[in-house]
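Could you look at this predicted model? Sequence included:
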Amino acid sequence: MDDIASKMGEDTRGPFQNSFMQECEYMNILIHYIVRSLRDIELAFKGELTMTETMERIMADINLNRVPALWTKYGFTSTRGLNSWLTNTKHRCEQLAAWKEDPVKLPHVTFINRLKNPNSFLTAIK
């Protein structure tokens, strides 16, 4: 986030940039919780951490191709199965990664369905 903000000056940060910065923040939080929960499960399998009920629920959801509730809490609204949800998350990350290379320049195409808060982006357009 600091790297992206440093690429933008105060005078070049507009509504589009604010919207995308919010999306990056949302995605960073989601990825943090995904990585943390999977790392904790891995440590529990190794015997370095005690398996908790939350970890067991996450494992059960993964086995049943459901998005774990913890990830949904910090993620985006979706009725997809886990495989499709992870693919969609990857596409969202790719969209944000393409934008972060030159955050001052507006992208030619923005997939609204890949934003957690599309209303923020649509308001920026107005």
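Perfect, I can see it now.

rest of the way, CA atoms for contacts and neighbours
Noted.

Flag the shaky bits of this structure, pLDDT-wise.
Along the chain, segments meeting pLDDT under 70 span 1-3, 5-12.

mind listing the helices in it by residue range?
Per DSSP state H, the chain carries helices over the ranges 2-7, 15-46, 53-63, 69-74, 82-100, 118-125.

will you turn those helices into a markdown table that also has distance to His108 and mean neighbour count?
Converted to a markdown table, the helices of the chain look like this (distance: least, Cα to Cα, whole Å; neighbours: other Cα atoms under 10 Å):
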| stretch | distance to His108 | mean neighbour count |
| --- | --- | --- |
| helix 2-7 | 19 | 12 |
| helix 15-46 | 12 | 17 |
| helix 53-63 | 36 | 15 |
| helix 69-74 | 28 | 14 |
| helix 82-100 | 10 | 16 |
| helix 118-125 | 13 | 14 |
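
what would the ones you listed look like in a markdown table with distance to Pro107?
Below are the helices of the chain laid out as a markdown table (distance: least, Cα to Cα, whole Å):
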| stretch | distance to Pro107 |
| --- | --- |
| helix 2-7 | 15 |
| helix 15-46 | 10 |
| helix 53-63 | 34 |
| helix 69-74 | 26 |
| helix 82-100 | 7 |
| helix 118-125 | 12 |
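
Indicate which one of those is closest to Thr110.
Closest approach to Thr110 among the helices of the chain is made by helix 82-100 (7.7 Å; Cα to Cα).

Counting by contacts, list what the closest one packs against.
Packed against helix 82-100 by the contact rule (3 or more Cα pairs under 8 Å, 6 or more residues apart in numbering; DSSP states H and E) you find helix 15-46.

just how off-centre is the helix it packs on within its chain?
With Cα atoms, centre = their mean, to the nearest Å as the basis, helix 15-46 stands 6 Å off its chain's centre.
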